[in-house]
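# Here you go, sequence then predicted model.
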Amino acid sequence: MYNIDIKNIRNFSIIAHIDHGKSTLADRLIERTGMLTQREMQSQVLDSMDLEKERGITIKLKAVKLVYKAQDGEDYILNLIDTPGHVDFNYEVSRSLAACEGAILIVDSTQGIEAQTLANVYLALEEDLEIVPVINKIDLPSARPDEVKEEVEDIIGIDCEDAPMISAKDGINIDDVLEAIVKKVPEPTGNSKEPLKALIFDSFYDTYKGVICYIRVFEGTIKPGMEIKMMSSGKTFEVAEVGVNTNKHILVDELKAGDVGFVTASIKNVKEATVGDTITDKNNPTDKPLAGYKKVVPMVYCGIYPAEGEDFNSVREALEKLQVNDAALIFEPETSVALGFGFRCGFLGLLHMEIIQERLDREFDLNIIATAPSVIYRITKSSGDIIEIQNPTDLPPTTEIEKMEEPIVTASIMTPTDYVGAIMELCQNKRGIFLNMEYLEETRVVMHYELPLNEVIYDFFDALKSKTRGYASFDYELKGYQESELVKLDILINGESVDAFSLIVHEEKAYERGRNIAEKLIDVIPRHQFAIPIQAAVGSKIIARETIRALRKDVLAKCYGGDISRKKKLLEKQKEGKKRMRQIGSVEVPQEAFLTVLKYDE
Amino acid sequence: MKEISLYIHIPFCMKKCFYCDFVSFENKDNEIAKYMKYLLKEVSLYKEKLKEYRLTSIFIGGGTPSHINEEYIEELLSHIYSHFATSSFMEVTIEVNPGTFDYQKVNSYYKSGINRLSMGVQTFHDHLLKDIGRVHSKADIFESYDILRAVGFRNVNFDMMFGLPNQSFEDIMTDLNIIKDLDLQHISYYSLIFEEDTPMEKWYREGKLSLLGEDEERSAYHYIIKALKEIGFNHYEISNFSKDNYQCRHNRAYWEIRPYIGLGLNSHSNFMGERFWNHSNLGEYYRDIDCGKFPIEAKETIDIKIEIAEYSIFGIRLIEGINKEKFKKRFKKDIESIYGDVIRKHINNGLLEDNNKNIKLTKMGLDLANLVELDFFL
């Protein structure tokens, strides 16, 4: 069944904007090709993590092999390679696209093209993929398939004449998609006699087998017992198993040029088999690795601290476990005066950060405090040394700084024209530089901006969502570094600087941010017996000040027989709350304080 | 014989006040006869349990005990006397509201052995009484007061309130001026509490109430302490004041964590290392008694650790504070060996003082007692 000629193999991905129906279509394809019975069919088979299901996005991609008898009477192997649907995971998307010859582009017929539709199309074009457009959600009353087809033709420039019109949800016209894959996606090229050349497009850790690498074989053959080499790291392993993924892992004798499958080789950590790397035969190596390997580097950092000090080791163990599966996550221990012992963690982006924080909470049941996210700043010291910092507390004294640079991204924001004004205001407010604006159609535009990443990670998403009532979509990529007037903003509580609140901000933003944080803190820090000044400072200069009034009354007037049990319950609750407080000097600061300063306010 | 106090709850009112979160009903007068019958049954249930005890105080509270016919009270008390031993100095208090009784009713109380009356006055300003949902007027208060005196009660308490909506500092001063001219033995002066699920709390949350600022409210409290002291009242608990020898013995039992039994709907008891409380639902209350069971909804065990915490939390509310000798005698430990750090911390904070005999709240401590009580909770 798996021994099919290379000309009958089709390797493809599905690309789409979030919520346009990627996972639902994947489910339908799997169902229609009979790889799973109805009973085995869980909603959205490919998204296996709970979190993915809840958020409706795919985080860890996988590949699944479908067998399809086409109208021409021949059996085809269709390898569906799922991609993560978010900008944070762009590199992983590009690698899984590199494993394919074609991509199904799903466009929601009620919404048309969105920011990530375009971003993903560009990625697919970079990999020279054949793009197969599919118009989805035609069952909805608000569907306007013809307009959307035109939009796709105008904006992306691909022919939609016979694009399948489907409803993935209701299973309408799914066969059209399968036929389009067979007819339009080119067959793989490659020679199974050549030296091995295989691309790792995904890898994850399995407790029993070690790292499982998902690969696309471009040249040669891979089989158990073979000694393989990871070309970027030079590490060698002996292949234990090769296989393919249908509804379960099925071991096969070998994977040949054109095939998609998995390989295990007693690899201990995903870092030794990173996405994008090329696997070759140790004894008969290929001369050149596949192009496009990049070491993933974190873009966003934050401190993660156990809410209760004794959990430090549990947090470390949890991060280690997550890291085994997530080569992009990095962390190292750090100490904060305010928060005690914790970890500095690096992430691909904001979503990646949120996902890790949520997984710590859900999968490991850990109560953590996360500090404000930061980016990497490049500092040229007067001595000529160049250093990179991501923790505000590492910033050298101003007297030692020659210049500071911050990362800049180019952003595309796709929006109904109604919100152009609001978005311009927002971007301006975020120190954005307007590049240009294109009309997609009469009522929709894409706006291009250059934005400092440090503004994007603050509250940009929330602000954009709220200002456009969720209608705008957003995508960005790192452009480079740019010199900038940055300062370290410190927050002083009762005269003591609290390192966990320190931020690096643009000089012009310091006052606004400082005042904003101080105003929020007076609401979340409970009143004490004494007045507590909350100050924002840049260097030794106080730029904003608020005061938490002294508590003048905290006494229960009435306390008799029946009140005793009630009073004790109240005290118990208060005591529990107090345990979660951080003592900063003589001030008790609740955990929410560290969160509220991150929140967007309208 | 060991001593014990008895609380009896009468959950009926003419009208429920806006701030009240006690279990009481304003439209259930047809239930009174049945309820009182069950109270008698509940008293009987305790006969065996309390045979080693004698009563040192009885407190009939509510609701409005004076709302119901005096014969019920007579019957109840005589039933109690026939079931339990009593101490020769027993304090028997009943709560009354202005305008709910006449000479005959109070005279009946007197004859039944009630020797202390506690009247819910709150304030002498008609518009303020109306705003908090009281049914009586200033004129009712004076009329009722005259009746008490005519009958011959020598131990009278007024429940007063401050920090009421629309109440000015001057309003509080006039209230105190009126009190000055009366012959009272005891005053409970409460700062208004916004209890959950009361109309008052809802209005407070919605910002609909005009209230004194926190600073003014505290100034009012300090002023009340000073003014009452000038006319011979000793401040002996956060909200309680009395003439010499007229402290409320019943309430002191609560504060000193001595045993008491509560009878009636939702009444609480502290007895033999347990705290328990009765059902607050009439049907369940009746049902248990019908089965010959104590109508108890739930109980908690008080181990020595909790008892020490309770003793300290409630003891510190007394102005005299916690007596170190008494503490040591009761718990066989120095208070410092348990709360040394807490005491030092709050002496430093200015909330506690140590006069070698007692640990007590300072003037500031009276305003921030919760901060100290929280730390006594181990």
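Arrived safely.

# neighbours around B:Ile178, how many?
When neighbours are defined as other CB atoms under 10 Å in any protein chain shown, B:Ile178 has 16 of them. In short, each C-beta sits where N, CA and C put it, glycine included.

# Not counting sequence-adjacent ones, nearest residue to it?
Closest residue to B:Ile178 apart from its sequence neighbours, by CB to CB, 6 or more residues apart in numbering or on different chains: B:Phe124 at 5.0 Å.

# Distance check, the one you found against A:Lys271.
80 Å (CB to CB, to the nearest Å).

# do A:Leu435 as well
Counting by CB to CB - A:Leu435 and A:Lys271 are separated by 37 Å.

# Nearest to chain B within the stretch 201-350 of chain A, name that residue for me.
A:Glu308 (18.7 Å; CB to the nearest CB).

# Wait, that residue touches A:Asn367, no?
Yes: the criterion here is CB atoms under 8 Å, and A:Glu308 meets it with A:Asn367 at 6.6 Å.

# picking that back up, same drill for A:Leu435 and A:Lys271, tell me which one is more crowded.
A:Lys271 (16 against 12).

# wait, doesn't the more buried one sit right on A:Asp326?
No: assessed by CB under 8 Å, A:Lys271 is found out of contact with A:Asp326, at 9.8 Å.

# how many neighbours does A:Ser232 have?
A:Ser232: 16 neighbours (other CB under 10 Å).

# Would you mind listing the outside residues contacting the longest helix seen in chain B?
Counting by DSSP state H, the longest helix found in chain B is helix B:214-230. Applying CB atoms under 8 Å, 6 or more residues apart in numbering or on different chains, the contact partners of helix B:214-230 are A:552-553, B:162-163, B:169, B:172-173, B:176, B:179-180, B:187, B:189, B:191, B:211-212, B:235, B:241, B:363, B:366-367.

# Which helix or strand lies directly C-terminal to it?
The helix or strand immediately downstream of helix B:214-230 is strand B:234-237, counting by DSSP states H and E.

# Residues contacting that next one, please?
B:225, B:228-229, B:241-244, B:247, B:251, B:255, B:317-320.

# so which of those residues comes closest to B:Asp341?
B:Arg317 (20.8 Å; CB to CB).

# List, one by one, the residues from the stretch 201-350 of chain B near chain A.
Within the stretch 201-350 of chain B, the residues that sit near chain A (CB under 8 Å from any CB of the partner chain) are B:214-215, B:217-218, B:238-239, B:251, B:254-255, B:260, B:262, B:266-270, B:275, B:277, B:300, B:306, B:309-310, B:313-314, B:317, B:349-350.

# For PyMOL, what selects the buried ones among those residues?
Here is the PyMOL command that selects the buried residues among these (16 or more other CB atoms under 10 Å in any protein chain shown):
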select buried, chain B and resi 214+217+218+238+239+251+254+255+260+262+266+267+268+269+270+275+277+306+309+310+313+314+317+349
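
# Helices - which of the residues of the stretch 201-350 of chain B next to chain A land there?
Using DSSP H, these in helices are B:Glu214, B:Asp215, B:Glu217, B:Arg218, B:Asn251, B:Tyr254, B:Trp255, B:Ile306, B:Ala309, B:Glu310, B:Ile313, B:Phe314.

# Switch those over to CSV, and while doing so, append distance to B:Lys37 and pLDDT to every line.
As requested, these are exported to CSV (distance: CB to CB, whole Å; pLDDT from 0 to 100):
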residue, distance to B:Lys37, pLDDT
B:Glu214, 48, 94
B:Asp215, 51, 94
B:Glu217, 44, 97
B:Arg218, 47, 96
B:Asn251, 28, 96
B:Tyr254, 28, 95
B:Trp255, 33, 95
B:Ile306, 36, 93
B:Ala309, 39, 95
B:Glu310, 34, 95
B:Ile313, 38, 95
B:Phe314, 34, 94
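
# Now for those residues: which two are most distant?
B:Asp215 and B:Ile306 (35.7 Å).

# All the helices of the stretch 101-250 of chain B, residue numbers only.
B:103-111, B:126-131, B:138-151, B:169-180, B:199-205, B:214-230, B:249-255 (DSSP state H, counting those that start in this stretch).

# what's the offset of stretch B:3-15 from the middle of its chain?
Chain-centre distance of stretch B:3-15: 10 Å, with CA atoms, centre = their mean, to the nearest Å.

# What parts of the stretch 401-550 of chain A come near chain B?
So the stretch 401-550 of chain A meets chain B at A:Gln529 (CB under 8 Å from any CB).

# Residue of the stretch 401-550 of chain A closest to chain B, please.
A:Gln529 (6.0 Å).

# So for that residue, what's the pLDDT?
On the pLDDT scale, A:Gln529 is placed at 91.

# for the residue of the stretch 201-350 of chain A closest to chain B, what are its contacts?
So A:Glu308 contacts A:Asn367, A:Lys579, A:Arg580 (CB under 8 Å, 6+ apart).

# what do you get if the cut-off is 10 Å, keeping everything else the same?
A:Ser314, A:Gly340, A:Leu366, A:Asn367, A:Ile368, A:Ile369, A:Lys579, A:Arg580 (CB atoms under 10 Å, 6 or more residues apart in numbering or on different chains).
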